[in-house]
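# below are the sequence and a predicted model for it; my questions follow.
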There are 2 protein chains.
Amino acid sequence: MAQDRLPRDPDATRQRILHAAFAEFYRNGYQGGSLNRIVQEAGGTKGALFHHFAGKEPLGHAVVDEIIGPLLVQRWLAPLDGADDPISAIQQAFRRFIGEDIASGHFTLGCPLNNLAQEMSPLDDAFRTRIEGLYRRWREAVAAALAAGMERGTVRPNVAPDEVAALVVAAQMGIWGTGKQSQDAALMGQAGEAVCHWLESLRA
Amino acid sequence: MAQDRLPRDPDATRQRILHAAFAEFYRNGYQGGSLNRIVQEAGGTKGALFHHFAGKEPLGHAVVDEIIGPLLVQRWLAPLDGADDPISAIQQAFRRFIGEDIASGHFTLGCPLNNLAQEMSPLDDAFRTRIEGLYRRWREAVAAALAAGMERGTVRPNVAPDEVAALVVAAQMGIWGTGKQSQDAALMGQAGEAVCHWLESLRA
DNA sequence: ACAAACATACCGACCGGTCGGTATAGTGGC
DNA sequence: GCCACTATACCGACCGGTCGGTATGTTTGT
């Protein structure tokens, strides 16, 4: 049979499947996401998917570890690294990514990490633990940056870094959730501004 | 055949199915929720379910309208009615319901309204619109209470009620989402305290 | 150098099972 | 007797996952 197969490239195939899975789960959730649609979107087959991933669940874990995790670091953790003024850094991140997700229209799909977190946490502890690790790193990074800011004198001395970090992350969940639910960009922006005003009140 | 003869009571049957559906969707989501499990839990059959509801989607709508809606009113809207001091009323609601949901263990399942909102908003506009109506009422009630508080002199004059209301509701989503994700009651309580401290800063 | 032998990458038909939904028969209350 | 109500058997669609098989490297013996 004269099959015109694509030239072999296992890594690229794996990445195509992984990105298709991310998009499918982002749109339809993990439970609602279909492996058939994923392989179709990736231009591959079930055989290829099950060659690279042991099943739907390991595929979901790989999406968290290899796609969503790095995305979180890039968006929310990297800007805090060695920031003299953590409050401004957090404000800038909120304003920038709310703006970007509104511009791209992605805000109607919410936050990929939060989507998976809300769907899977009560159902599958392996998912929950993986996701919790990411959120914990996030909260710890915010708290550490605030504590450093208190040392440097850019953050009010009587704030509790852990408490503020818990609300910063919770607010991100809620704001992206608000955008996804309402599909109202202005409302999402309003909630973001409210966070920025609250953070402003924490300056030294 | 010796059937255990339940007395016929259509309204009670409908309510049993409705409450079983609420519990099933609360635990497994709408897409992951199974009609077979619902009728089993309700002690009924598919025939009874499809007699009282035209299908899964109308059943989901009824859960929102007849169960979740009243729950929202009772928890978050009623305490604001004619409150002289809206900030204290909101703080009390956060502290009370975080405490109740931790005590009951329900915090690991998140907020029923937010769960449905996050799952269904991008998938089904009929769901989204229904849920959005509830959230809009909530935000409007908070904003109105704050505006009234400004009139009475219990709220700082230079706050934007709409903005604060957007963050109050977003924070509720995020805090219940944090509890569901982390399954860490202390962390959820911490985030709640952070909201209360923020609200404190808005007093006149 | 070259082919046999093996490992990897991929294909797509097919599996059992569950899903939401339907058709129809039986039953109790006005 | 009628009809709202409930029960049961059943449907096609789709699910995640499996499997036999094939095409494409890579290694190895001579």
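Yes, it's here. What you are looking at is a predicted structure, and each value in this text was computed from that prediction instead of being measured.
# ok, A:Thr13 - contacts?
A:42, A:44, A:48, A:52 (Cβ atoms under 8 Å, 6 or more residues apart in numbering or on different chains). In this view, the C-beta of every residue, glycine as well, is placed from N, C-alpha and C.
# let's see if you can find the most crowded of those.
A:Ala42 (21 neighbours; other Cβ atoms under 10 Å in any protein chain shown).
# now stretch A:164-179 - C-alpha only, CSV.
Provided in CSV are the C-alpha atoms of stretch A:164-179 (Å, rounded to 0.1, in the frame of the first residue of the first chain):
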residue,chain,number,x,y,z
VAL,A,164,-2.1,38.4,51.6
ALA,A,165,-0.6,35.7,49.3
ALA,A,166,-3.6,33.5,50.0
LEU,A,167,-5.9,36.3,48.8
VAL,A,168,-3.8,37.3,45.9
VAL,A,169,-4.0,33.8,44.5
ALA,A,170,-7.7,33.4,45.4
ALA,A,171,-8.4,36.7,43.8
GLN,A,172,-6.7,35.6,40.6
MET,A,173,-8.9,32.5,40.6
GLY,A,174,-12.0,34.6,41.2
ILE,A,175,-11.3,37.2,38.6
TRP,A,176,-10.6,34.7,35.9
GLY,A,177,-13.7,32.9,37.0
THR,A,178,-15.7,36.1,36.8
GLY,A,179,-14.5,36.7,33.3
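# any part of it near chain B?
Yes: using Cβ under 8 Å from any Cβ of the partner chain, stretch A:164-179 reaches chain B at A:164, A:166-167, A:169-175, A:177-178.
# can you check stretch A:91-106 too?
No: judged by Cβ under 8 Å from any Cβ, stretch A:91-106 makes no contact with chain B; its nearest approach is 10.6 Å.
# mean confidence score for that stretch?
Per-residue pLDDT over stretch A:91-106 has a mean of 98.
# stretch A:43-61 now?
Regarding stretch A:43-61, the rounded mean pLDDT is 90.
# buried stuff in that stretch?
Going by neighbour count (16 or more other Cβ atoms under 10 Å in any protein chain shown), the buried part of stretch A:43-61 is A:44, A:48-49, A:52-53, A:56, A:59-61.
# redo the residues of stretch A:164-179 next to chain B as a markdown table? Include secondary structure.
Formatted as a markdown table, these follow (DSSP: H, G, I helix; E, B strand; the rest coil):
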| residue | secondary structure |
| --- | --- |
| A:Val164 | helix |
| A:Ala166 | helix |
| A:Leu167 | helix |
| A:Val169 | helix |
| A:Ala170 | helix |
| A:Ala171 | helix |
| A:Gln172 | helix |
| A:Met173 | helix |
| A:Gly174 | helix |
| A:Ile175 | helix |
| A:Gly177 | helix |
| A:Thr178 | helix |
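# near DNA strand D, from these?
With Cβ under 7 Å from any atom of the strand as the criterion, the residues of stretch A:164-179 next to chain B include none near DNA strand D.
# can you tell me which of the contacts of A:Thr13 are in strands?
Cross-referencing these against strands under DSSP state E gives no overlap.
# now stretch A:95-103: how far from the chain's centre is it?
14 Å (Cα atoms, centre = their mean, to the nearest Å).
# residues in contact with that stretch: which ones?
A:75, A:107, A:175-176, A:179, A:185, A:188-189, A:192, A:196.
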